[in-house]
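Chemist: after the sequence you'll find the predicted model.
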There are 2 protein chains.
Amino acid sequence: MKIEILCTGDEILTGKTVNTNHSYIAQRFTEHALTVYWSTTVGDDRESLSAAFKQASERADAVIVNGGLGPTVDDLSQEVAAAAAGVELELNQEWKIKLKAYYEERGRVMPENNIKQAMLPAGAEFIDNPIGTACGFAVDINKSRFFFTPGVPREMKRMINEQVLPRLLSMRGSEVVSRLKTFHTFGIGESRADRLLADIIQSNSQSNGVIKLGFQTHFPQLETKLSVLADDENAIDSLLKPAEAALREKLGNFILCEDDETLETLILNKLKESNHTLSCIEMATGGAIATRLMKHETSVSVLKQCRVSHHVDQLAETSETIDVSADCAATLADTVKTSTGSSHALVVLTAESTEDKRPCLEVFIGIADPSGSCQRRAILHGRPGWTRLGAAELALDCLRRRMLGLPVDEKIDFEQQ
Amino acid sequence: MKIEILCTGDEILTGKTVNTNHSYIAQRFTEHALTVYWSTTVGDDRESLSAAFKQASERADAVIVNGGLGPTVDDLSQEVAAAAAGVELELNQEWKIKLKAYYEERGRVMPENNIKQAMLPAGAEFIDNPIGTACGFAVDINKSRFFFTPGVPREMKRMINEQVLPRLLSMRGSEVVSRLKTFHTFGIGESRADRLLADIIQSNSQSNGVIKLGFQTHFPQLETKLSVLADDENAIDSLLKPAEAALREKLGNFILCEDDETLETLILNKLKESNHTLSCIEMATGGAIATRLMKHETSVSVLKQCRVSHHVDQLAETSETIDVSADCAATLADTVKTSTGSSHALVVLTAESTEDKRPCLEVFIGIADPSGSCQRRAILHGRPGWTRLGAAELALDCLRRRMLGLPVDEKIDFEQQ
């Protein structure tokens, strides 16, 4: 089944808005083994839209149109769709009532031009939008099924997942089900992960389904994906379970978390569960740890404070000259734990250096907790921006390992061995 | 002149990589009044590439192809371009020599498959890439001029700006020159800026050129763009100068900086010039100020430290109960200035509240500097994520205003009036 994504709108075409809708839709489809083989972007004008609809309808089995369902005159998707399908627009009473209720609930009167959002091509299949005023719809144009979705990312995502994906999977014909399992690791590079896993996963294919291994780097983390397509849920389980087990064995302690969990939420939730609190000190990591932790509501009760500086004397609150070292990081962690009244303290200190003329960053991590303290030293290679991201990641990972009773000093691929 | 952007590559098509190359190219063209009217993305396969080249060559005057110039087997742009132009590939001796030198300079031997990058369609116009191994080229296919550019963003940007843009501007025919002037403001919403400026800018159009006003919101900042297209540099000046003056008068103190300067670099550079230093305290802004300042190398000598927390008692380093207030922020600024040995201190404290059932954030800013201290209170409306971004922006803006001798308490559009 050939799928085309057709994005509309001057904002996207002129580059004012980066087209993250396309990548979201394409990624979700790819995860379900649906192949996107063409993507088109045109502006808000009748001529381009007509031409794009015509072209897509001649080469694709399914076309996802994104955008152009708004209430203003430059939103043309319904109108051009009707013309392309050779039908008139007609009022969808159900959606008109929902639109009015939508405005009434918010204590407002519906502006007249919003009625345009309830005008759909005659015979179109209505697709619900429970969180916005632009409903979706589906029509046949030539040999293709066209699905129209709103441009607002929140509304688009929900409609793609709840409405469009199931319809595409059923269009694919067979009673195929799919599942996606993701693992987030730190410390293993993509090529090593590939070498470690490729054989194991391939040998797990069966006649009633297929399992696919994929990677996506979000430096410094690596996301490893297992996507399974099979006849039924049992077949999925029988493919996924051994692959998951093999993956857990091979990636072991380097697995930070799975699926929607993040390293930060894991740390914060674990601390919160045991009524613990945390303070952090970051040297020259640009406040990366503070930013990542404070994004989450849980940090309000868990995180006491973060101190951030390029200078170790500022962080140690002393006017004496200090040499950064792992001992220094551990001592500082103890001091900060006491001074802030936290149960845990995480300290990351850094020093720039070069080795064989390559730039590198020396990283010292200190952790203090109710059972004592520990330290870790690493030399990270790479561009300064990267190694500093790596330093923040390593610090958070050491804290995770310490909390879970795992070895804190297991070597990672990005450091000098 | 009709322009099409044709992006190639499975990573882009499947959404693994967000297509920021398209938005960069389209934005640069739009700023030069070059109209992108179609954009296509296809994967790394001959059939799709051929079809996409054919289609674009039938409807566009100029086509920018991005990607597919690498050394591996899935990089097909040269090969498909030659087939579409009906010519053979031939070795470009000049580029072969440069490739070898490129590797020799790095102490490596050129891998054999890299020679592929010097194979160009016969008769193609060579386009230099001074920072990479993928050279660009231009060929005619049907009625269109095709420009081939590398997918690596850094190389693409340089080639677009230095090589492709001048060629497109000359293709446009007339001896037209263009210039872009941007202003970054904080505190004026897009619709008010539009009302303030629309008349003034329109009345500045002349027969020998045209000036266009545009906005782009990067919340909480607003970017206001003046793009001018005229017969020559003098005509540009005569259009731009009065528009710039009108804009400066209307937006006044709300202009943070211009063109490539940022609020952060302005503050850091100004402090550095006068041998001053800064420490910051941020409450519940997620370390936004620390992150923004520390991104810049200048912060190493200027920024002493940042302390970040959700809790005012942690920031004030006291176990007593403190009510956040503007007085409290100013006092804290004084204390921190002394304790860290900085010449300047910036403090932002926050308190969540509701007003008429709408969520809002009460923001208190304190600044201490060699001439004393000042304070500012504001109530920002909106979603928590937004108001916290607004609080960090307001704090940095107050510091800018204080340093430039401008009023610190000028009301902004996003606060309760």
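Modeler: Arrived safely, thanks for sending.

Chemist: show me how chain A divides into domains.
Modeler: According to automatic domain parsing, chain A comprises the domains A:3-171, A:177-258, A:263-404.

Chemist: mean neighbour count, distance to residue B:385 and mean pLDDT for those domains - can I get that in TSV?
Modeler: (Glycine included, C-beta is placed from N, CA and C.) Shown next, in TSV, are the domains of chain A (neighbours: other CB atoms under 10 Å in any protein chain shown; distance: least, CB to CB, whole Å; pLDDT from 0 to 100):
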stretch	mean neighbour count	distance to residue B:385	mean pLDDT
domain A:3-171	19	13	93
domain A:177-258	17	21	87
domain A:263-404	20	9	94
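
Chemist: so for residue B:199, which of those sits nearest?
Modeler: Taking CB to CB as the criterion, domain A:3-171 is the member of these that comes nearest to residue B:199, at 22.7 Å.

Chemist: contacting residues around residue A:296?
Modeler: A:264, A:265, A:268 (CB atoms under 8 Å, 6 or more residues apart in numbering or on different chains).

Chemist: scratch that, residue A:137 is what I was asking about
Modeler: A:78, A:81, A:120, A:121, A:124, A:125, A:126, A:127, A:147, A:148.

Chemist: of the residues you listed, list those near chain B.
Modeler: Of the residues in the contacts of residue A:137, proximity to chain B by CB under 8 Å from any CB of the partner chain holds for none.

Chemist: nearest residue to residue A:155 in space, please, no chain neighbours.
Modeler: residue A:132 (4.1 Å; CB to CB, 6 or more residues apart in numbering or on different chains).

Chemist: secondary structure class for the one you found?
Modeler: Classification of residue A:132 by DSSP: H, G, I helix; E, B strand; the rest coil places it in coil.

Chemist: do residue A:108 as well
Modeler: coil.

Chemist: chain B: which of the contacts of residue A:137 is nearest?
Modeler: residue A:147 (16.7 Å; CB to the nearest CB).

Chemist: out of the domains of chain A, which gets nearest to residue B:231?
Modeler: The nearest among the domains of chain A, by CB to CB, is domain A:3-171 at 24.5 Å.

Chemist: now find how far off-centre that closest one is within its chain.
Modeler: Remark: domain A:3-171 is offset 23 Å from the chain centroid, using CA atoms, centre = their mean, to the nearest Å.

Chemist: go on, stretch A:158-176?
Modeler: Put simply, stretch A:158-176 sits 21 Å off its chain's centre (CA atoms, centre = their mean).

Chemist: got the end-to-end distance for it?
Modeler: With CA to CA, to the nearest Å as the measure, stretch A:158-176 spans 21 Å from end to end.

Chemist: got the contact list for it?
Modeler: Residues from elsewhere that reach stretch A:158-176 (CB under 8 Å, 6+ apart): A:1, A:3, A:24-25, A:28-29, A:32, A:34, A:61-62, A:64, A:127-131, A:136, A:138, A:145, A:147, A:149-150, A:177-178, A:229-232.

Chemist: from these, which ones fall inside strands?
Modeler: Cross-referencing those against strands under DSSP state E gives A:3, A:62, A:64, A:127, A:136, A:138, A:145, A:147, A:149, A:177-178, A:229-230.

Chemist: quick one: which of those residues is nearest chain B?
Modeler: Taking these together and measuring to chain B by CB to the nearest CB, the closest member is residue A:3, at 10.6 Å.

Chemist: who's the closest one bridged to?
Modeler: As for beta bridges, residue A:3 partners with residue A:36, residue A:62 under DSSP bridges.

Chemist: what sits up against stretch A:256-267?
Modeler: A:181-186, A:221, A:278, A:292-293, A:295-296, A:298, A:393, A:396-397, A:399-400, A:403.

Chemist: just the contacts of residue A:296: which are in helices?
Modeler: A:264, A:265, A:268 (DSSP state H).

Chemist: in a markdown table, list the residues you listed along with distance to residue B:170.
Modeler: Output for those, formatted as a markdown table (distance: CB to CB, whole Å):
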| residue | distance to residue B:170 |
| --- | --- |
| A:264 | 52 |
| A:265 | 54 |
| A:268 | 57 |
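
Chemist: pLDDT wise, what is residue A:175 at?
Modeler: pLDDT, residue A:175: 61.

Chemist: show the contacting residues for the residue nearest to residue A:155.
Modeler: A:150, A:152, A:154, A:155 are the contacts of residue A:132 under CB under 8 Å, 6+ apart.

Chemist: separation between it and residue A:116?
Modeler: Distance of residue A:132 to residue A:116, computed by CB to CB, to the nearest Å: 14 Å.

Chemist: SS state for the residue most central in space within chain A?
Modeler: Nearest to the mean C-alpha position of chain A, by CA atoms, centre = their mean, lies residue A:260 at 8.3 Å. Counting by three-state DSSP, the backbone at residue A:260 sits in coil.

Chemist: any idea how far it is from residue B:371?
Modeler: Residue A:260 is 51 Å from residue B:371, by CB to CB.

Chemist: swap in residue A:388?
Modeler: Residue A:388 is 35 Å from residue B:371, by CB to CB.

Chemist: same thing with residue A:28?
Modeler: Separation of residue A:28 from residue B:371 (CB to CB): 57 Å.

Chemist: near chain B at all, stretch A:182-200?
Modeler: No. Using CB under 8 Å from any CB, we find that stretch A:182-200 stays clear of chain B, coming within 12.2 Å at best.

Chemist: end to end on that stretch, go ahead and measure it.
Modeler: 16 Å.

Chemist: which residues does that stretch contact?
Modeler: Contacts for stretch A:182-200 (CB under 8 Å, 6+ apart): A:213, A:215, A:217, A:220-226, A:243, A:246-248, A:250-251, A:254-259, A:261-263, A:393-394, A:397, A:410-414.

Chemist: just checking: what are the partner strands of the strand or helix carrying residue A:256?
Modeler: According to DSSP states H and E, residue A:256 maps onto strand A:255-258. Note on strand A:255-258: by DSSP bridges, its sheet partners are strand A:177-186 (antiparallel).

Chemist: isn't residue A:49 right up against residue A:41?
Modeler: No. The pair residue A:49 / residue A:41 is not scored as a contact, 11.2 Å apart, by CB atoms under 8 Å.

Chemist: identify the contacts common to those two.
Modeler: Residues within reach of residue A:49 and of residue A:41 at once, by CB under 8 Å, 6+ apart, are residue A:8.

Chemist: scan chain A for its longest helix.
Modeler: Chain A, longest helix under DSSP H: helix A:384-404.

Chemist: which strands and helices sit next to that helix?
Modeler: When contacts are defined as 3 or more CB pairs under 8 Å, 6 or more residues apart in numbering or on different chains; DSSP states H and E, helix A:384-404 sits against strand A:177-186, helix A:263-273, helix A:288-294, strand A:344-355, strand A:358-369, strand A:372-381.

Chemist: and the third one, C-alpha only, in PDB?
Modeler: Meaning helix A:288-294. Extracted in PDB, the C-alpha atoms of helix A:288-294 (Å, rounded to 0.1, in the frame of the first residue of the first chain):
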ATOM      1  CA  ALA A 288      21.400  20.900  31.600                       C
ATOM      2  CA  ILE A 289      20.600  18.800  34.700                       C
ATOM      3  CA  ALA A 290      18.500  21.600  36.300                       C
ATOM      4  CA  THR A 291      16.600  22.100  33.000                       C
ATOM      5  CA  ARG A 292      15.900  18.400  32.500                       C
ATOM      6  CA  LEU A 293      14.800  17.800  36.100                       C
ATOM      7  CA  MET A 294      12.700  21.000  36.600                       C
END
